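pasting the sequence and the predicted model now:
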Amino acid sequence: MALIVQKFGGTSVGSVERIEQVAAKVKKFRDNGDDIVVVVSAMSGETNRLIDLAKQISDQPVPRELDVMVSTGEQVTIALLAMALIKVGVPAVSYTGNQVRIHTDSAHGKARILQIDAQNIRRDLEAGRVVVVAGFQGVDEQGNITTLGRGGSDTTGVALAAALKADECQIYTDVDGVYTTDPRVVAKAQRLDRITFEEMLEMASLGSKVLQIRAVEFAGKYSVPLRVLHSFQEGPGTLITLDEEDSMEQPIISGIAFNRDEAKLTIRGVPDTPGVAFKILGPISSANVEVDMIVQNVAHDNTTDFTFTVHRNDYQNGLQILESTAREIGAREVIGDTDIAKVSIVGVGMRSHAGVASRMFEALAKENINIQMISTSEIKVSVVIEEKYLELAVRALHTAFELDAPAGTAE
Ligand code: ADP
Ligand code: ASP
Ligand code: MG
């Protein structure tokens, strides 16, 4: 008998019929004798609908109140799923994050889980009940409702699995595993049987939303066996694992991630003196704007150009700050661009292969795609390109790194 935490995403609980299908699935596991804790998201589209409502009142809704509201999406699905389970004869009880209690810090909209009291859940499991927990939410020290950031139900699932020392955390979604890239963009993408935590962390942080990055961090830190599976199709899914396969057999690239959420800011003609990077980025970081890629050009005429990327939500704010910095330090001009996208190739196999970046650049050059920025780490290479070429770039790289599924395969 195993203890399994099963998380079902928004489309998997997107209608009453689907919730009943989920209940039937959970019942099967119960009938096998397993103890089950289920974590659910809000019905698909619901979180967006709630955020839109708030935005009709204010462009920047008060974060505490926004959390009070967006957390209700998950409260609806836990109750519906518990009802559906009870209807098919499975004793079940639902809990909000506050009722569990899932303690978080007070960073509304991006709260971190600090600790979970699992006594209630353990007591219910011992009494033979399935426990249904609302994903994406917690409570801070003052009793305020918090949320964990978009896609945060994954993190609730993994954190509960860690707290309960579950045998496995299963993330059920609308694809049958983690693919070499988003299968909705590249039809020839292939499902991976396994992927290392390290690679999954990079993929998640570089834009693959199949798992929220914090969920992967948690799973790695607490060694939670983690698997991504299709909610309504049978199959082995993808196991996220600690061990790397023999690097000789390792493909060079395991996956391609992309992200349309960034924007680029450039300050031109900056007097090239020591401390200039700090003068530019200091005010940006004081305003809590996170910077991703940075490029500083070689100076000529004693001035330099400095470019960096930020989240698109921070673009206007970043632009204003940079314009005021430009006036202060006597820079020539500030320009911005929101029509960019970041494409990244990821793979632990890069460690043992040379020339990976140039192979990437060659594939992009063949398609006439201009590279605006580059950054590398031990297991990834990222480039910023014009957004309109994103899908073409991802497909070209998928082919160039021999990731395409062989013709005629089902996947
Ligand atoms: P859920 O609502 O179940 O949490 P998400 O929409 O958050 O589902 O995540 C699943 C989606 O992630 C898939 O529908 C797919 O389009 C997308 N995705 C992006 N990159 C990948 C990838 N490498 N492998 C699989 N799915 C991916
Ligand atoms: N409902 C939340 C969202 O849409 C959390 C989740 O689905 O994981 O982001
Ligand atoms: Mg998700």
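Alright, I've got the coordinates. Residues are numbered from 1 along each chain as shown. Ligands and ions are numbered 1, 2, ... in the order given.

residues of the chain that sit close to ligand 3?
Proximity of the chain to ligand 3 (Cβ under 5 Å from the ion) is limited to residues Gly9, Gly151. Placement of C-beta: from N, CA and C, glycine included.

just for the chain, where's the confidence low?
244-249, 408-411 (pLDDT under 70).

most distant residue from the middle of it?
Asp301 (42.8 Å; Cα atoms, centre = their mean).

ligand 3 versus that one, what's the distance?
Applying Cβ to the ion, to the nearest Å, the value for Asp301 to ligand 3 is 49 Å.

look up phi and psi at that residue.
The phi and psi values for Asp301, taken as degrees, to the nearest 10, are phi 60, psi 30.

one more: Asn288?
phi 70, psi 20.

can you check Val40 too?
phi -120, psi 150.

what pairs with it across the strands?
Listed by DSSP bridges, the beta-bridge partners for Val40 are Phe8, Ala134.

show me what contacts it?
Listed by Cβ atoms under 8 Å, 6 or more residues apart in numbering, the contact set of Val40 reads 7-8, 13, 22, 74, 77-78, 81, 132-135, 153.

separation between it and ligand 3?
Distance from Val40 to ligand 3, by Cβ to the ion: 12 Å.

for ligand 2, what's the nearest residue on the stretch 51-200 of the chain?
Among residues of the stretch 51-200 of the chain, the one nearest ligand 2 by Cβ to the nearest ligand atom turns out to be Ser153. It sits 3.2 Å away.

can you pull the contacts of the residue found closest to that residue once you drop the neighbours it is linked to in the chain?
Closest residue in space to Ser153, ignoring its immediate chain neighbours: Gly135 at 2.5 Å, by Cβ to Cβ, 6 or more residues apart in numbering. Applying Cβ under 8 Å, 6+ apart, we find Gly135 in contact with Lys7, Val39, Val40, Ser41, Glu74, Gly152, Ser153, Asp154, Thr155, Thr156, Gly157.

what about these, which one has the most neighbours?
Gly157 (34 neighbours; other Cβ atoms under 10 Å).

where does that residue sit: helix, strand or coil?
helix (DSSP: H, G, I helix; E, B strand; the rest coil).

kindly report the same for Phe361.
For Phe361, the secondary-structure state derived from three-state DSSP is helix.

isn't it up against Asn370?
No: when contacts are counted by Cβ atoms under 8 Å, Phe361 is not listed as touching Asn370 (10.8 Å).

those two: who's more crowded?
Here Phe361 and Asn370 are compared on neighbour count by other Cβ under 10 Å; more neighbours surround Phe361, at 15 against 11.

secondary structure element holding Gly220?
Assigned by DSSP states H and E, Gly220 falls within helix 213-221.

just name whatever secondary elements whichever helix or strand comes after that helix is in contact with.
Moving toward the C-terminus from helix 213-221, the next helix or strand (DSSP H and E) is strand 226-230. Strand 226-230 is packed against strand 168-173, helix 213-221, strand 238-241, with contacts defined by 3 or more Cβ pairs under 8 Å, 6 or more residues apart in numbering; DSSP states H and E.

for the ones you listed, which one ends up most surrounded?
Most buried of those by mean neighbour count (mean count of other Cβ atoms under 10 Å) is strand 168-173; its value is a mean of 24.

what lines up beside that strand in the sheet?
Strand 168-173 is paired, per DSSP bridges, with strand 3-8 (parallel), strand 226-230 (parallel).

residues of the stretch 151-300 of the chain that sit close to ligand 1?
Taking Cβ under 6 Å from any ligand atom as the criterion, the stretch 151-300 of the chain approaches ligand 1 at residues 151, 173-175, 178-179, 181-184, 208-210, 255.

try it again with 5 Å
Residues of the stretch 151-300 of the chain lying close to ligand 1 (Cβ under 5 Å from any ligand atom) are Thr173, Asp174, Val175, Val178, Tyr179, Asp182, Arg184, Ser208, Lys209, Val210.

quick one on the thing from earlier: need the max-distance pair from the contacts of Gly135.
Within those, two members stand farthest from each other by Cβ to Cβ: Val40 and Thr155, at 13.5 Å.

about what we covered before: relative to Lys7, how far out is the residue nearest to Ser153?
Counting by Cβ to Cβ, to the nearest Å, the gap from Gly135 to Lys7 is 7 Å.

what sits in contact with each of the two?
Val39, Val40, Ser41, Ser153, Asp154, Thr156, Gly157.

ends of stretch 103-116, how far apart?
6 Å (Cα to Cα, to the nearest Å).

in it, what counts as buried?
Judged by neighbour count using 16 or more other Cβ atoms under 10 Å, the buried positions of stretch 103-116 are His103, Thr104, His108, Gly109, Ala111, Arg112, Ile113, Ile116.
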